[in-house]
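*Asks:* starting from these lines, generate the structure:
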Amino acid sequence: MILFFLNSSCSNICRNSLTMSESLTEVPMTLSLDNYQVADLSLAPEGTKRIAWAKHHMPIMRSLIERLEKEQPFRGLTIGICLHVEAKTGVWLEALTKGGAKVVITGSPGSTQDETAAALVTDYGVHVFAKRDESFEEHIHYCKAVLQFNPDIISDNGADLHELIFTDPQFEHLQQHIIGATEETTTGANRLREDFKSNKWSTLIINDTMSKRIIENRFGVGSSVVDGIMRATNVMLHGKKVVVVGYGYCGSGTAQRLRGMGAHVTVVEINPLAKLEAHLEGFYTAQLADALPDADMVITITGRDDTLQQQHFELMRDKTIIANAGHFQREINVAALQKMSNKQQQIRPHVTAYDLGNKQLFLLSNANLVNLSAGDGNPIEIMDLGLALQTLSLERIALDAKSLTKTPQPVPYDIELKVAELSCEHWINH
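*Replies:* Take a look at the predicted model:
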């Protein structure tokens, strides 16, 4: 049985040292944060090839790059970004830099392609602070490095940049400096709306668009999660008992792709409307405690912390595979699992075995997003659409931020329609 927890809802670079304040340097690590921090610049040629392959399959972004290079909507602006540093993102950053922006970016733990990070520094002059093996503490350190550039606009992924600006006195001045922002995820949207007041500028929530929810989340995430699991484990999905806990857009897509692979899918969902939808789609539904004991695999993608805790690990049977496809690693309480185990051993590049005495549990990618850490993330064409939404949203902020209310809000509908039209033009009518 497989369980899924899903959410309802320029080549010459100058290495001039940044002046880091105490709150940044107090993080206990031996890092020299200059104008970039990547694993190995010698990897850049491979990253250049990765980005070129992605760009070949991103006609929407190619058309936007051509237009933005002529119109220069971002001239004079610094854009600070927290988003997965991988090849498709590289195409997006080409659009922003050729559109006049100075770009500073960090990624997420476990999802950075070190080759791509190096290429972004050498080929486009992007200030990159990201490494594939970074810890969460290093990730926050890198987020602070991004904010040290005093961005005019931020593009966030999980609201980490927003949180630092609203909670760290070192960055309080940015509350009056930033003219607008985007947030990619439901996780980040929830944090902006629930955890801290965000009313100093408009934040356009990419995941509030129907095109993002249906096309990227349902079709893109669904297929990439299955791809990541297959790459990490090499196990057969046909005939496995699958439980999807949570049935949002990412969840429904993942459940459908798994069913298409021959898995037997059960859904656990606390939202009655989403639960009803799952039922009418033909999925079994159950309570979490009832579903866990018979599971072959458990995967979280809820956008919420501690979806899996000690009591849940206790219910799982021997050799259950556990993975996370939600934004933050902390959807799975890895510390609790480590405390329960007598021994831990990495048995494949993305599989760690935890010996609990009476059983073994297998955790994929250290609970980082399985589709990006064990795979290449969403299909290129899907992200062509998603990153077009990001690009046009950032352009609207750069050119007309005053027209937007100072609150988290959906992407303006005309932008969503424009991206849908471009998708039809390139995907259907080509």
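
*Asks:* every contact and neighbour count from this point should use C-alpha atoms.
*Replies:* Noted.

*Asks:* which helix in the chain runs the most residues?
*Replies:* Assignment by DSSP state H gives helix 380-400 as the longest helix of the chain.

*Asks:* check the offset of that helix from the chain's centre.
*Replies:* The chain centroid and the centroid of helix 380-400 are separated by 16 Å, computed with Cα atoms, centre = their mean, to the nearest Å.

*Asks:* do stretch 196-212 as well
*Replies:* Distance of stretch 196-212 from its chain centroid, counting by Cα atoms, centre = their mean, is 15 Å.

*Asks:* got it, and stretch 297-311?
*Replies:* 17 Å.

*Asks:* same question for that stretch, mean pLDDT?
*Replies:* The average pLDDT for stretch 297-311 rounds to 89.

*Asks:* distance across it, terminal residue to terminal residue?
*Replies:* With Cα to Cα, to the nearest Å as the measure, the first residue of stretch 297-311 is 16 Å from its last.

*Asks:* and for stretch 307-319?
*Replies:* End to end - Cα to Cα - stretch 307-319 spans 19 Å.

*Asks:* now do the buried residues in it.
*Replies:* T307, L308, Q309, Q310, F313, L315, M316, R317, D318, K319 (16 or more other Cα atoms under 10 Å).

*Asks:* would you list those residues in TSV and tack on secondary structure?
*Replies:* Converted to TSV, these look like this (DSSP: H, G, I helix; E, B strand; the rest coil):
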residue	secondary structure
T307	coil
L308	strand
Q309	coil
Q310	helix
F313	helix
L315	helix
M316	coil
R317	coil
D318	coil
K319	coil
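
*Asks:* need the residues you listed in a markdown table (columns: distance to E184).
*Replies:* Formatted as a markdown table, these follow (distance: Cα to Cα, whole Å):
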| residue | distance to E184 |
| --- | --- |
| T307 | 21 |
| L308 | 24 |
| Q309 | 27 |
| Q310 | 30 |
| F313 | 31 |
| L315 | 34 |
| M316 | 33 |
| R317 | 35 |
| D318 | 37 |
| K319 | 34 |
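
*Asks:* by mean pLDDT, flag the weakest helix or strand of the protein.
*Replies:* Least confident helix or strand of the chain, by mean pLDDT, DSSP states H and E, is helix 22-25 with a mean of 33.

*Asks:* beyond it, next helix or strand please.
*Replies:* Proceeding N to C from helix 22-25, the next assigned helix or strand is helix 44-56, under DSSP states H and E.

*Asks:* buried residues in that following helix?
*Replies:* Under 16+ other Cα under 10 Å, the buried positions of helix 44-56 are A44, G47, T48, R50, I51, A52, A54, K55.

*Asks:* please apply the same query to stretch 132-139.
*Replies:* Those would be R132, D133, E134, E138, H139, for stretch 132-139 by 16+ other Cα under 10 Å.

*Asks:* keeping just the C-alphas, turn it into PDB.
*Replies:* Provided in PDB are the C-alpha atoms of stretch 132-139 (Å, rounded to 0.1, in the frame of the first residue of the first chain):
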ATOM      1  CA  ARG A 132      22.400  20.300  -3.600                       C
ATOM      2  CA  ASP A 133      23.600  19.000  -0.200                       C
ATOM      3  CA  GLU A 134      22.900  22.200   1.800                       C
ATOM      4  CA  SER A 135      21.200  21.800   5.200                       C
ATOM      5  CA  PHE A 136      18.100  23.700   6.200                       C
ATOM      6  CA  GLU A 137      20.300  26.000   8.300                       C
ATOM      7  CA  GLU A 138      22.500  26.700   5.300                       C
ATOM      8  CA  HIS A 139      19.300  27.300   3.300                       C
END
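
*Asks:* show me the contact partners of it.
*Replies:* Residues from elsewhere that reach stretch 132-139 (Cα atoms under 8 Å, 6 or more residues apart in numbering): 27, 29, 39, 106-114, 130.

*Asks:* among those, which pair sits farthest apart?
*Replies:* V27 and Q113 (23.9 Å; Cα to Cα).

*Asks:* looking at the two, which one has more neighbours?
*Replies:* Neighbour count, other Cα atoms under 10 Å: between V27 and Q113, Q113 has more, with 25 against 13.

*Asks:* name the nearest residue to A374, sequence neighbours excluded.
*Replies:* Distances taken as Cα to Cα, 6 or more residues apart in numbering place G228 nearest to A374, at 5.0 Å, with adjacent residues excluded.

*Asks:* from the chain's centre, how far out does the helix or strand hosting the one you found sit?
*Replies:* Assigned by DSSP H and E, G228 belongs to helix 222-233. Here helix 222-233 is found 15 Å from its chain centre; the criterion is Cα atoms, centre = their mean.

*Asks:* can I get the CA coordinates of it in PDB?
*Replies:* Extracted in PDB, the C-alpha atoms of helix 222-233 (Å, rounded to 0.1, in the frame of the first residue of the first chain):
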ATOM      1  CA  GLY A 222       1.500  14.000 -10.500                       C
ATOM      2  CA  SER A 223       3.800  12.600 -13.100                       C
ATOM      3  CA  SER A 224       7.000  13.900 -11.600                       C
ATOM      4  CA  VAL A 225       6.300  12.400  -8.200                       C
ATOM      5  CA  VAL A 226       5.800   9.000  -9.700                       C
ATOM      6  CA  ASP A 227       9.000   9.500 -11.800                       C
ATOM      7  CA  GLY A 228      11.000  10.500  -8.600                       C
ATOM      8  CA  ILE A 229       9.800   7.400  -6.700                       C
ATOM      9  CA  MET A 230      10.700   5.100  -9.600                       C
ATOM     10  CA  ARG A 231      14.200   6.600  -9.900                       C
ATOM     11  CA  ALA A 232      14.800   6.500  -6.200                       C
ATOM     12  CA  THR A 233      13.600   2.900  -5.600                       C
END
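
*Asks:* contact partners of it?
*Replies:* 236, 250-258, 325, 348-351, 364-365, 370-379.

*Asks:* following it, which helix or strand comes up?
*Replies:* Past helix 222-233, the next helix or strand by DSSP H and E is strand 241-245.

*Asks:* report the rounded mean pLDDT for that following strand.
*Replies:* On average, strand 241-245 scores 86.

*Asks:* and if you look at stretch 212-232?
*Replies:* 92.

*Asks:* do me a favour and get the end-to-end distance for it?
*Replies:* 26 Å.

*Asks:* confirm A95 sits in a strand?
*Replies:* No. Using three-state DSSP, the assignment for A95 is helix, not a strand.

*Asks:* unless I'm mixing things up, it is touching M58, no?
*Replies:* No. The criterion here is Cα atoms under 8 Å, and A95 misses it with M58 at 11.8 Å.

*Asks:* just checking, P408 touches K197?
*Replies:* No. At 9.9 Å, P408 and K197 do not qualify as touching, with contact defined as Cα under 8 Å.

*Asks:* the two: which is more packed in?
*Replies:* P408 (24 against 14).
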